[in-house]
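**Student:** need a 3D model of the sequence below.
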Amino acid sequence: MRGGTVAVIGGSIAGCAVATAVSRAGAGQVTVLERTGGRLEDRGVGLCVHDERAVELRASGALPAGIAAHPLQRRRWVVRDDAEGADGRLIWQQPFPFHSYHWGLLWRGLRESVPDTVRYRQGETVTAVEPAPIGTGTGAGAGAGEGARVRLAGGSVEHYDLVVGADGYRSVVRAALSPDSRPHYAGYVCWRGNVDAARLGELRGLGDPVPDAVTTVCFPGGSCVVYRIPGPGGPRVNWVLYAAPPRDGRLRLDDPTSFPPGALPPALAEHLDALLEREFPPYWRRALALTDRADTFVQPIYDLEAARTAGGRLLLTGDAAGVVRPHNTSGAAKALQDATALADGWRRSGSFEELLDGYHRARGAAGRELVALARRLGRAQVERTPAWAAMDREAMAAWWQGQLDGAPGIGGRAMAP
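**Tutor:** Down below sits the predicted model:
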């Protein structure tokens, strides 16, 4: 296919990747509509991409070269054991062939790769997406009534031949394509934060973190991953702690929500402090406590399988297509793979219908597999944790294979040729 107008709803990682992919594949005009008017690169959370996925994505052009990344090699699982010292007791270690990224730096690299021909419009909130009325087809191969209309918060309506939802777990495009598919609360949350790695020097006498490792601190009813990421001003320590929140009737988590930096409710802040004091080895407790409250936030954990990832002239990518619990360490790679699949399909297809059908067959199945694996990981690492302190290497290895249930590992699968 050549030509056609495409609207990409959402301009973060998935949106930038999709805009670049379809523009290079032959779309006539691509427009990105991003609701945030500020600096997206200020988002400082960490994420990881499996080394094999990174090689694949760089080869496809979805992952630009030159984006700062920190190499990781192993994952350490530790429990509090005061007899073993401040670092806790190591109960298992496994290979972890990933690189970590700073969300903002990754987004900036993707944004800078978006072709100049793409219209990237910030401060544009999309309130609804709906089928185009009869007689409004505009692009290559468009007929009467083909395409979709995008309604903006200011009241204007725009028509496109294809609308791609890259608008996350509260996707407006998904609401139009698959209205019965909604995120389901998993029953627990994650506290997130990051701190300048140089501040670890304040913990002299308490041991040293392991820069090439992800350390998982294990405790009854939860776990916490800690690892280095690159940052705009130098290395940072990123951490994600999973546990059930306090029972507080004022916290409403059933509907998709989050508590951004600087808006942490007192009940969640106090619960975090109590968890660190009660469950963490001293070194890791003090390391996380270095994080400023302004850099600490909470995300309730949700998952979702969209009934369809494409239909009509609507298509879903990234978290809009499927919300995967973060334990699988696959979110960024999955979004970039979606963009790659869309571009490959564009080049092979002779019509929008063929493009959307092929995309749904390929990426719908991949998304469902990721959701199922992440659910198993979440149940084992948060909802139904083992007696961590009683585990040895053999027990941990068997426990891990039980979670994978035949999957080759975490971080996502290679794309089908």
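**Student:** what about residue 214, how many residues nearby?
**Tutor:** 22 (other C-beta atoms under 10 Å). To be clear about C-beta, it is placed using only N, CA and C from the backbone, and glycine gets the same treatment.
**Student:** what pairs with it across the strands?
**Tutor:** Note on residue 214: beta-bridge partners by DSSP bridges are residue 75.
**Student:** ok, now the one 5 residues further on?
**Tutor:** Partner residues in beta bridges with residue 219: residue 222, with DSSP bridges as the criterion.
**Student:** so which bits of stretch 260-270 are buried?
**Tutor:** The neighbour-count check on stretch 260-270 (16 or more other C-beta atoms under 10 Å) flags 261, 264, 268 as buried.
**Student:** ok, so of those residues, who is nearest residue 153?
**Tutor:** Set against residue 153, the nearest of the buried residues of stretch 260-270 by C-beta to C-beta is residue 261 (24.6 Å).
**Student:** now, the buried residues of stretch 260-270 that are in helices?
**Tutor:** residue 268 (DSSP state H).
**Student:** could I get the buried residues of stretch 260-270 as a markdown table with pLDDT and distance to residue 151?
**Tutor:** Below are the buried residues of stretch 260-270 laid out as a markdown table (pLDDT from 0 to 100; distance: C-beta to C-beta, whole Å):
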| residue | pLDDT | distance to residue 151 |
| --- | --- | --- |
| 261 | 75 | 31 |
| 264 | 82 | 34 |
| 268 | 91 | 35 |
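**Student:** quick one: which of the buried residues of stretch 260-270 is nearest residue 114?
**Tutor:** Nearest member of these to residue 114, counting by C-beta to C-beta, is residue 261, at 26.6 Å.
**Student:** got phi/psi on the closest one?
**Tutor:** phi -50, psi 140 (degrees, to the nearest 10).
**Student:** look up the closest residue to it, ignoring the ones flanking it.
**Tutor:** residue 297 (4.6 Å; C-beta to C-beta, 6 or more residues apart in numbering).
**Student:** low pLDDT regions in this structure?
**Tutor:** Within the chain, the segments meeting pLDDT under 70 span 133-145, 205-209, 249-250, 254-256.
**Student:** quick check: residue 97 is in a helix.
**Tutor:** No: Residue 97 sits outside any helix when classified using DSSP: H, G, I helix; E, B strand; the rest coil, being strand.
**Student:** quick check: the gap between it and residue 103.
**Tutor:** As judged by C-beta to C-beta, to the nearest Å, residue 97 and residue 103 stand 21 Å apart.
**Student:** may I have the secondary structure class of residue 227?
**Tutor:** Going by three-state DSSP: residue 227 is strand.
**Student:** list the beta-bridge partners for it.
**Tutor:** Under the criterion used (DSSP bridges), residue 227 bridges to residue 238.
**Student:** measure it to residue 298 for me?
**Tutor:** For residue 227 relative to residue 298 (C-beta to C-beta), the value is 19 Å.
**Student:** next: residue 347.
**Tutor:** 42 Å.
**Student:** who has more neighbours, those two?
**Tutor:** For residue 347 and residue 298, the more surrounded residue by other C-beta under 10 Å is residue 298, and the numbers stand at 25 against 11.
**Student:** would you say that one is within a strand?
**Tutor:** Yes: under three-state DSSP, residue 298 falls within a strand.
**Student:** use 332 as the first number from now on
**Tutor:** In the new numbering, first residue 332, that becomes residue 629.
**Student:** show me the residues around it that make contact.
**Tutor:** Going by C-beta atoms under 8 Å, 6 or more residues apart in numbering, residue 629 touches 520, 521, 522, 523, 576, 589, 590, 595, 599.
**Student:** bridged to it, which residues?
**Tutor:** If you apply DSSP bridges, the partners that residue 629 bridges to are residue 522, residue 590.
**Student:** that one and residue 614, how far apart?
**Tutor:** For residue 629, the distance to residue 614 - C-beta to C-beta - is 23 Å.
**Student:** need the three-state assignment for residue 417.
**Tutor:** Residue 417 ends up coil, using three-state DSSP.
**Student:** kindly list the main-chain dihedrals of it?
**Tutor:** The phi/psi pair for residue 417 (degrees, to the nearest 10) is phi -70, psi -30.
**Student:** ok, and for the lengthiest helix in the chain, which residues are buried?
**Tutor:** Determined from DSSP H, the single longest helix within the chain is helix 683-709. Of the residues in helix 683-709, 683, 686-687, 689-691, 693-695, 697-698, 700-709 count as buried by neighbour count, 16+ other C-beta under 10 Å.
**Student:** show me what it is packed up against.
**Tutor:** On a contact count with 3 or more C-beta pairs under 8 Å, 6 or more residues apart in numbering; DSSP states H and E, helix 683-709 meets strand 515-527, strand 628-636, strand 641-642, helix 649-652, strand 653-654, helix 662-679, helix 724-735.
**Student:** make it 6 Å
**Tutor:** Applying 3 or more C-beta pairs under 6 Å, 6 or more residues apart in numbering; DSSP states H and E, one finds that helix 683-709 makes contact with strand 628-636, strand 641-642, helix 662-679.
**Student:** now do it against helix 724-735, angle only.
**Tutor:** Using axes from the mean of the first three to the mean of the last three C-alpha atoms, to 10 degrees, the inter-axis angle of helix 683-709 relative to helix 724-735 is 150 degrees.
**Student:** would TSV of the helices and strands packed on helix 683-709 with distance to residue 729 be doable?
**Tutor:** Conversion of those to TSV gives the following (distance: least, C-beta to C-beta, whole Å):
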stretch	distance to residue 729
strand 628-636	25
strand 641-642	39
helix 662-679	27
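**Student:** centroid residue for this protein?
**Tutor:** residue 662 (3.6 Å; C-alpha atoms, centre = their mean).
**Student:** since we're on residue 397, how many residues are nearby?
**Tutor:** Neighbours of residue 397 under the rule other C-beta under 10 Å: 8.
**Student:** next one: it relative to residue 439, how far apart?
**Tutor:** 11 Å.
**Student:** for residue 665, same thing?
**Tutor:** Counting by C-beta to C-beta, the gap from residue 665 to residue 439 is 20 Å.
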